[in-house]
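Undergrad: sequence first, predicted model second:
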Amino acid sequence: VEATLHSKPFNATHWSTRTMAAAQGISEATVRRIWKQYNLKPHLVKTFKLSRDKQFMEKLHDIVGLYLNPPDKALVLCVDEKSQIQALDRTQPGLPMKKGRCGTQTHDYKRNGTTTLFAALSMLDGKVIGDCMPHHRHQEFIRFLKKIDNETPAGLNLHLIVDNYGTHKHPRVKSWLRRHPRFQLHFTPTSSSWLNLVERWFREITDKRIRRGTFNSVPDLIAAIKKYLENHNQNPRVFVWSAPVEQILAKIAKCKEALDALH
């Protein structure tokens, strides 16, 4: 256990059961048993980044407040764009799954172009307003704002949770927002995309429809995305935020403490 946690093999970034067994003079089965007992997984690594946004606290309270205590006569929408979704076609047909064997697909593929999916996830009912566009510039973002404007009840104020992408702060976007005062943008802290719940929905559509899909053209990809959107909105699932600010700050403090101990 000590060797796994506090050392590395001379020619690799992490231990394998084979290299650890050779280094310790024990069997690979023994290494596997010990790693399982102590839940050690040296082959895995998770990514993270602590935000350095000077307004982190203010933005965190703002976003979490919208989730846990949304304003009256208003709709909270989590908005973002998933850019550069590739229409990939495999170079050969794959084999279907059968008993005792998983399905197959070729490791290589043919690129047939890309699209960008704009999405607005409603915190009220879980429905998604979505549209595919060839680019993700301020022009397309304004076009999507107009779509949101047309597809939401006119009597409601709209609170949009967005990230700090430059498109969302473009002068023409700001000008459009001034002419449409029911829209209010709330920016997540930098390096904090986890605060925007539409990212969870993006993960779902990626895992369920895009990653293993085969698309011979961009229109084919867009049709699949629109069909997924249609099916989702027929039986939407509400995404619920439950973590209060204090719980989030406690986790961040624990992470900083661990980093400070190492450095």
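TA: Cool, got the structure. Numbering: from 1, shown residues only.
Undergrad: Thr17 contacts Val31, doesn't it?
TA: Yes. At 4.5 Å, Thr17 counts as touching Val31 under the criterion of CB atoms under 8 Å. (C-beta placed from N, C-alpha, C; glycine too.)
Undergrad: who has more neighbours out of these two?
TA: Val31 (22 against 17; other CB atoms under 10 Å).
Undergrad: would you say Leu5 is within a strand?
TA: No. Using DSSP: H, G, I helix; E, B strand; the rest coil, the secondary structure at Leu5 is helix, not a strand.
Undergrad: neighbours around it, how many?
TA: 10.
Undergrad: who's in contact with the closest residue to it other than its chain neighbours?
TA: Nearest in space to Leu5, with sequence neighbours left out and distances taken as CB to CB, 6 or more residues apart in numbering, is Leu40 at 7.5 Å. Each residue near Leu40 by CB atoms under 8 Å, 6 or more residues apart in numbering is listed here: 1, 4-5, 34.
Undergrad: roughly how far apart are Leu40 and Phe215?
TA: According to CB to CB, to the nearest Å, Leu40 stands 40 Å off from Phe215.
Undergrad: what does Ile205 give?
TA: 14 Å.
Undergrad: more neighbours: those two, which one.
TA: For the pair Ile205 and Phe215, the greater number of neighbours falls to Phe215 (24 against 21), based on other CB under 10 Å.
Undergrad: and the more buried one, helix, strand or coil?
TA: Phe215 ends up coil, using three-state DSSP.
Undergrad: likewise the one 5 residues further on?
TA: Taking three-state DSSP as the rule, one finds Asp220 in the helix state.
Undergrad: and it, how many neighbours does it have?
TA: The number of residues near Asp220, taken as other CB under 10 Å, comes to 15.
Undergrad: surely it and Leu88 touch.
TA: No. Asp220 is beyond contact range of Leu88, at 10.6 Å (criterion: CB under 8 Å).
Undergrad: so what pLDDT did Pro71 get?
TA: Pro71 carries a pLDDT score of 93 in this model.
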